[in-house]
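K.L.:
this is a predicted model, with the sequence first.
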Amino acid sequence: MDTTGTIPISNYQLAFTVLLVLITGTISAVLKLGLLRSLIWGTVRTFVQLTLVGYALTYIFNINNIWLIITVITIMCYAASRTAVKRTPNVPNYPYLLAFASLAASTYLVGSIVVGLIISPEPWYSARIVIPIFGMLLGNSMNGIALSLDRLYGEVRARAHEIEAMLSFGATPWEAIRPSVREAIRAGMTPTINSLMVVGLVSLPGMMTGQILGGANPQEAVRYQIVVMLMITSAVAIGCLILVGLSYKNFFNEDGALKTSVIQRDKKN
Amino acid sequence: MLLKLENLTYCLGEDTERLITVSGTVPEGSVLVIRGPSGAGKSTLLRVLARLKPCLNGRVLLKGKEWFDIPAAAWRTTVHYLPQSPVTFDGTAADNLAKPFTTAIMKNKTPDWELVEKLVSELLLPPKILEQEAKTLSGGEAARMAFIRSLLVDPAVLLLDEPTAALDSKARQAFYKVLARWLKAPGRAALLISHNEDYEALENISYLDITTGQGGN
């Protein structure tokens, strides 16, 4: 197998992407979609953001300092826990700290196993491996915990009467809320488990595509992809479990009764 | 005195400006009927007594014992709330009757199926109802099954929130007959909200009017 590495794209060649923007812009203008401003702003942001990230990563890879890597990953965890809010329309008083804690715990745990035991680069904290791996973990656990948190609130709201009935039968808060917790964790994990079924059949995953474009042997790329799929699955499972396990108590007051304020979508209604 | 309410103050919903204070006593074998206009806070009072909603002030004594000296789970099976709209879980009606026995505190007990059979016929329910999917029961059937389930919990005080709202007059009479007999055993009492004043079968009735906040013997 010929591994020539990436074919570089020069500035001159990159400039041709303007052609693609022109095509999109023409469609927007002709059909009066009103997307022209967003398209131009989005294009500029794509260039600027990715160029900056490129410089930053080059810098981080070069100095490869473990504390810098930990700082970067922690900032990524923070950004991911903030972004997860947008995917939780059912959740009032979104628990930022709990989301951050569960994302950080699941990402560091699974990421360390993958980097330390499976890939084992030299040195083990090699930024070129650690940052993309942790990034993929975070991106996926973020979606998973957001889905399961949103589902938890939806379930508790829908089952409030069942939960109170269970409390009246002498159930502890955990016993009363367990069916909702189970549904919430299932909801968080289902998309990832489904993706295990169809991977490679419906589409080639982005990471594998990237490696192949980068000149890697497809069989090597497949091995990486298997690791990535399975690590994402366990990170999502751990993240959902921690977050739901930590937040179920928020639904109950100190006497173990269901708080009405938490399950009401909007107090003013 | 089985149950004693001392200056129990609670708010309606989340609205802390509408405070209600009640006092009252419920002796063994008696029924305290809670009266008052719609939205006066009758159901809320029962929920407060079941410790499903916090109160702001005052206290409740069960056989002279301070209510918060009793753990919440034990309290809720002793002073037990039966909500107005019956709660049904997935599964058959029999599964629903066994539901209370899935909690840790009730695990050592089992439902008394002979008693269930007797209650099913006394409450004019079809004998085959136990095999039916609970979610397919009619409103009146579900209400009576929920009542049987609450009797299986074996509380000392039953908090009944319009238990006969979905029943026809024959079923109502059957319901109150069962309740009256249940109250005859020692150490039992009930609090009742009912818009139909058809509880002639009950004895030792006293009233608590929410508008005045005073009542009982």
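P.N.:
Structure's in. What do you need?

K.L.:
what about the helices in chain B?
P.N.:
B:42-49, B:72-78, B:93-98, B:113-122, B:139-152, B:169-184 (DSSP state H).

K.L.:
check chain A too.
P.N.:
A:11-15, A:17-30, A:36-63, A:66-83, A:96-113, A:127-158, A:160-168, A:173-198, A:206-213, A:218-247, A:260-263.

K.L.:
re the thing from before, would you list the helices of chain B in TSV and tack on mean neighbour count, distance to A:Gly215 and mean pLDDT?
P.N.:
No exception for glycine: its C-beta is placed from N, CA and C like everyone else's. What follows is the helices of chain B, written out as TSV (neighbours: other Cβ atoms under 10 Å in any protein chain shown; distance: least, Cβ to Cβ, whole Å; pLDDT from 0 to 100):
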stretch	mean neighbour count	distance to A:Gly215	mean pLDDT
helix B:42-49	23	68	95
helix B:72-78	21	64	96
helix B:93-98	21	60	96
helix B:113-122	15	72	96
helix B:139-152	22	67	97
helix B:169-184	16	79	95
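
K.L.:
among the ones you listed, which comes closest to chain A?
P.N.:
Among these, helix B:72-78 comes nearest to chain A, with 4.1 Å by Cβ to the nearest Cβ.

K.L.:
just want the angle from the strand of greatest length in chain B to helix B:42-49.
P.N.:
The strand that spans the most residues within chain B, counting by DSSP state E, is strand B:15-26. Strand B:15-26 runs at 70 degrees relative to helix B:42-49, counting by axes from the mean of the first three to the mean of the last three Cα atoms, to 10 degrees.

K.L.:
strand B:15-26 near chain A at all?
P.N.:
No. Using Cβ under 8 Å from any Cβ of the partner chain, strand B:15-26 never reaches chain A; the gap is at least 10.2 Å.

K.L.:
that older thread, among the helices of chain A, which is nearest B:Leu119?
P.N.:
With Cβ to Cβ, the closest approach to B:Leu119 among the helices of chain A belongs to helix A:160-168: 18.6 Å.

K.L.:
residues near the residue of the stretch 1-150 of chain A found nearest chain B, how many?
P.N.:
Of all residues in the stretch 1-150 of chain A, A:Pro92 sits closest to chain B, at 13.2 Å by Cβ to the nearest Cβ. Applying other Cβ atoms under 10 Å in any protein chain shown, we find 13 other residues in the vicinity of A:Pro92.

K.L.:
ramachandran coordinates for it?
P.N.:
Main-chain dihedrals, A:Pro92, degrees, to the nearest 10: phi -80, psi 150.

K.L.:
do you know the pLDDT at it?
P.N.:
Among the per-residue scores, A:Pro92 shows a pLDDT of 83.

K.L.:
can you check A:Gly215 too?
P.N.:
As predicted, A:Gly215 sits at a pLDDT of 88.

K.L.:
distance-wise, check it relative to A:Leu246.
P.N.:
A:Gly215 sits 44 Å away from A:Leu246, going by Cβ to Cβ, to the nearest Å.

K.L.:
which of the two has more neighbours?
P.N.:
Per other Cβ under 10 Å, whichever of A:Gly215 and A:Leu246 has more neighbours is A:Leu246, with 16 against 13.

K.L.:
once you drop chain neighbours, what's closest to the more buried one?
P.N.:
Nearest non-adjacent residue to A:Leu246, counting by Cβ to Cβ, 6 or more residues apart in numbering or on different chains: A:Leu98, 4.9 Å away.
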